[in-house]
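Student: mind looking at a prediction? Sequence and model below.
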Amino acid sequence: MRYLLFILFLLSLQPVSSQERRSEKVSKLDKKFTPTQRNEAKTDSVDSKTAKKAPYDYYRIISLQKDTTYVDTSLTIKKEYEYNYLRKDIFGLLPFANEGQTYTVLDYGYKKFSAFPEIGFSGKHFNYMKPDDIKYYSVATPITELYFKTVMEQGQNVDALISVNTSERFNMSVAFKGLRSLGKYINQLSSTGNFRFTSSYNTLNKRYYLNLHFTGQDFLNGENGGITTLEDFEGEETAFQNRARLEVYLRDAKTFMKAKRIFFDHNFRINSKAGNNNLYLTHQFNYENKFFEYNQKTVVSTVGEEQTQVYRFGDAFVSSGVNDKTRYNRMYNKVGAVYENALLGKFQFFAEDFRYNYYYNRILILPSGAVPSSINDEINTVGGQYQYRKNKWNGTFLYSNSISNQSLSNFDAQLTYKLNDKNEFLFQYQMLNKIPDHIFNLYQSSFVAYNWYNNFKNEKINNLEVTAKTQWLDASVQVSSLNDHLYFSDDSTEAQQQLISPKQYNKTINYLSVKVSREFKWWKLALDNTILYQQVDQEDDILNVPQIVSRNTLYYTDYFFKKALFLQTGFTLNYFTKYYANDYNPVTAEAFVQNTREIGEFPMVDFFVNARIRQTRIFFKLEHLNSKMTGNTFYNAPNYPYRDFMIRFGLVWNFFQ
């Protein structure tokens, strides 16, 4: 606690400029300065009373879809939920014991689909930043954001961003998120990095716009395969409170994924002056390469006091030194023409070219058949998109279909009706004919059972979502129908083994979810509630989800020290009902269906104290503080315990220069 008080003291002395809301004071600023002067305005840290402060909407954050938000230095309960490794609200995800590992998906609706095939290895992609995750900036003065959070053991998690406009038309940003955490269990190291560089540019006459970015990302994880003796974890012996004393299946296995991407999106307006009718040419380019590697020096595991030898993943072609490498690259081009009419909206026609190469360095001849060294293809599609924004309506309708040999199609319709500032309704329907991810069709490994070559049919997905954001509550309903669903099954015949293989379910799976959120406020207290109900209709237990997932936060807020400090403190309770959660397989970095062991029905209570001083938000949390009271029955997956009680703290600090 003394560290927290020391940080509060230092920050209270720090002279940092702040954003200013558009008020009478901002209106005077607009009249006093030209646009160029406002863009170059900087705060005089010596004399804040005479400082030139740019208004908050001069610090813009722009998505790939051109949606704009602003740099926000407030402290709300939403900021508490977003203060984590992924930097977003993770309701519906249950993190594994160490920071930077995979997650158990509690909310099936959390998953988003693309018609084009992906590499697979989904357990490594929770923190992987896709093109849609990259943000672009336009700022009046240089800004910096620093994120820091302590981890489980021997390490830290940091995320630093710098963005600057050299002129009103050109912006650059550089960011890096790094994590290193040893973890509490044997062989649980996480070491990850996400580097991002972005740039935005437009010409003086605003006929040409360009957004581009480069990312370099890597994820290294020790993979211990889970603990071998659950009774040691669940018992009350003091010795095993030191989690490093618990035996694990794998002491020297690790996974490593590395990826690089160059991406740009640009458009050019053909008519020299913008008017009621405009014609644009558009182009989007994405080149990406990845590789995934699984290493395991010792093939044989020893379990229990008798040191029983276990081949965790079955027989292997090698006696030691497993080194499986999967390589992948892809290139995507999208060219289009857009007609924009002030009354009718935007009409876009486009063509897509998608090429990939997923490969190994050998061909395997097995008794079950040949396993090729690679799969590659070129997919061409054409499509159209219509956008309408008028008054209270905002709609986007997209359809694309393959014109090459593959069967691929995507229909996506989104319609938003904004009744007023407090009430909004969203309708979305998506119908996908999706090509299988590559790992389902081809995989090679040093483990005999982990070699396959398939030619699965496309997955057919129909998804309907209705969302209401009102002044009384937020509610959403999702209905999905899945045909030819792909999954990994548990093929193990022995208790200590983990053998999996891809399967395709030839029957229909129907999924329903209802999520309701409501915050009650009284005086300086607030109770924020989110409840998710899920139901699956299927003949076999393929898609397993908890029926109820909930998060309830009771917190208190107030100002102190003449409103120099804003305090937020309270308790958060997370809970989900028992169900047959998917297990995790480190060889493929994929979750697989199991129906032998249920997890859930353990409450997770956190206590937090957060504070805001100017542009700095400080976070202090006691995580899972009730773990000693409810017994050691908390798991992420059948052999992977959830996190124990721990104290963590950190901050998010914004600088406006």
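Tutor: Yep, that arrived. Numbers count the residues shown, from 1 in each chain.
Student: name the helix or strand of this structure that has the lowest mean pLDDT.
Tutor: helix 24-32 (a mean of 37; mean pLDDT, DSSP states H and E).
Student: for Asp107, what are its contacts?
Tutor: 91-93, 513, 515, 532, 534, 545, 549 (C-beta atoms under 8 Å, 6 or more residues apart in numbering). C-betas here are computed from N, CA, C, even on glycine.
Student: ok, now Gln430?
Tutor: Per C-beta under 8 Å, 6+ apart, neighbours of Gln430: 113, 410-413, 461-463.
Student: top of the residues you listed by neighbour count?
Tutor: Asn410 (21 neighbours; other C-beta atoms under 10 Å).
Student: apart from its neighbours in sequence, what residue is nearest it?
Tutor: Ala115 (4.2 Å; C-beta to C-beta, 6 or more residues apart in numbering).
Student: contact partners for the one you found?
Tutor: 400, 408-410, 432-435.
Student: for it, give me phi and psi.
Tutor: phi -70, psi -30 (degrees, to the nearest 10).
Student: shaky segments in the stretch 351-500 of the chain?
Tutor: Applying pLDDT under 70 to the stretch 351-500 of the chain flags no residue at all.
Student: can you check the chain too?
Tutor: Using pLDDT under 70, the chain drops low at 1-52.
Student: show me the helices in it, by range?
Tutor: 2-13, 24-32, 35-39, 77-82, 230-234, 438-441, 627-630 (DSSP state H).
Student: dump the contacts of Asp107 to JSON lines, plus neighbour count and distance to Phe121.
Tutor: Below are those laid out as JSON lines (neighbours: other C-beta atoms under 10 Å; distance: C-beta to C-beta, whole Å):
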{"residue": "Phe91", "neighbour count": "17", "distance to Phe121": "24"}
{"residue": "Gly92", "neighbour count": "24", "distance to Phe121": "21"}
{"residue": "Leu93", "neighbour count": "17", "distance to Phe121": "17"}
{"residue": "Ser513", "neighbour count": "21", "distance to Phe121": "26"}
{"residue": "Lys515", "neighbour count": "20", "distance to Phe121": "28"}
{"residue": "Leu532", "neighbour count": "25", "distance to Phe121": "27"}
{"residue": "Gln534", "neighbour count": "24", "distance to Phe121": "25"}
{"residue": "Val545", "neighbour count": "23", "distance to Phe121": "22"}
{"residue": "Val549", "neighbour count": "23", "distance to Phe121": "25"}
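Student: show only the entries of those found in strands.
Tutor: 93, 513, 515, 532, 534, 549 (DSSP state E).
Student: got the contact list for the residue lying closest to Asp606 once chain neighbours are set aside?
Tutor: Leaving aside its sequence neighbours, Asp606 sits nearest to Thr572 (C-beta to C-beta, 6+ apart; 4.6 Å). Shown in contact with Thr572 (C-beta under 8 Å, 6+ apart): 80, 551-553, 605-606, 608.
Student: check Pro131 too.
Tutor: 64, 213, 261, 263, 286 are the contacts of Pro131 under C-beta under 8 Å, 6+ apart.
Student: okay, buried residues for stretch 312-322 please.
Tutor: Residues of stretch 312-322 classed as buried: 312-314, 316, 322 (neighbour count, 16 or more other C-beta atoms under 10 Å).
Student: now, among these, which is nearest to Tyr640?
Tutor: Nearest to Tyr640, judged by C-beta to C-beta, of the buried residues of stretch 312-322 is Arg312 at 14.0 Å.
Student: my guess is that closest one contacts Gln496, does it?
Tutor: Yes. With contact defined as C-beta atoms under 8 Å, Arg312 counts as touching Gln496 (7.0 Å).
Student: mutual contacts of the two, please.
Tutor: Joint contacts of Arg312 and Gln496 (C-beta under 8 Å, 6+ apart) are 249, 301.
Student: check contacts around Leu464.
Tutor: Taking C-beta under 8 Å, 6+ apart as the test, what Leu464 contacts is 428-429, 478-480.
Student: now which of those would you call buried?
Tutor: Buried among the contacts of Leu464 (16+ other C-beta under 10 Å): 428-429, 478, 480.
Student: make JSON lines from the residues you listed and add distance to Met172 to it.
Tutor: Putting those into JSON lines (distance: C-beta to C-beta, whole Å) gives the following:
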{"residue": "Gln428", "distance to Met172": "34"}
{"residue": "Tyr429", "distance to Met172": "39"}
{"residue": "Gln478", "distance to Met172": "39"}
{"residue": "Ser480", "distance to Met172": "41"}
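Student: of these, which is the nearest to Leu366?
Tutor: Ser480 (36.4 Å).
Student: and that closest one, what does it touch?
Tutor: 108-109, 461-464, 510-512.
Student: now Leu525: closest residue in space that isn't a chain neighbour?
Tutor: Nearest to Leu525 is Tyr556, by C-beta to C-beta, 6+ apart, at 5.6 Å.
Student: which one of the contacts of Gln430 is nearest Leu622?
Tutor: Of the contacts of Gln430, the one sitting nearest to Leu622 (C-beta to C-beta) turns out to be Phe113, at 37.5 Å.
Student: wait, isn't the closest one in contact with Asn462?
Tutor: No. The pair Phe113 and Asn462 fails to qualify as a contact (C-beta under 8 Å) at a distance of 10.8 Å.
Student: who touches both of these two?
Tutor: Contacts common to Phe113 and Asn462, judged by C-beta under 8 Å, 6+ apart, are 430, 432.
Student: got the contacts of Leu464 as JSON lines, with distance to Phe655 columns?
Tutor: Converted to JSON lines, those look like this (distance: C-beta to C-beta, whole Å):
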{"residue": "Gln428", "distance to Phe655": "38"}
{"residue": "Tyr429", "distance to Phe655": "43"}
{"residue": "Gln478", "distance to Phe655": "40"}
{"residue": "Val479", "distance to Phe655": "46"}
{"residue": "Ser480", "distance to Phe655": "44"}
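Student: which of these fall in strands?
Tutor: 428-429, 478-480.
Student: the residue nearest to Leu525 bridge partners, please.
Tutor: Leu525, Thr569 (DSSP bridges).
Student: list the contacts of it.
Tutor: Listed by C-beta under 8 Å, 6+ apart, the contact set of Tyr556 reads 524-526, 567-570.
Student: how close does it sit to Ser550?
Tutor: As judged by C-beta to C-beta, to the nearest Å, Tyr556 and Ser550 stand 21 Å apart.
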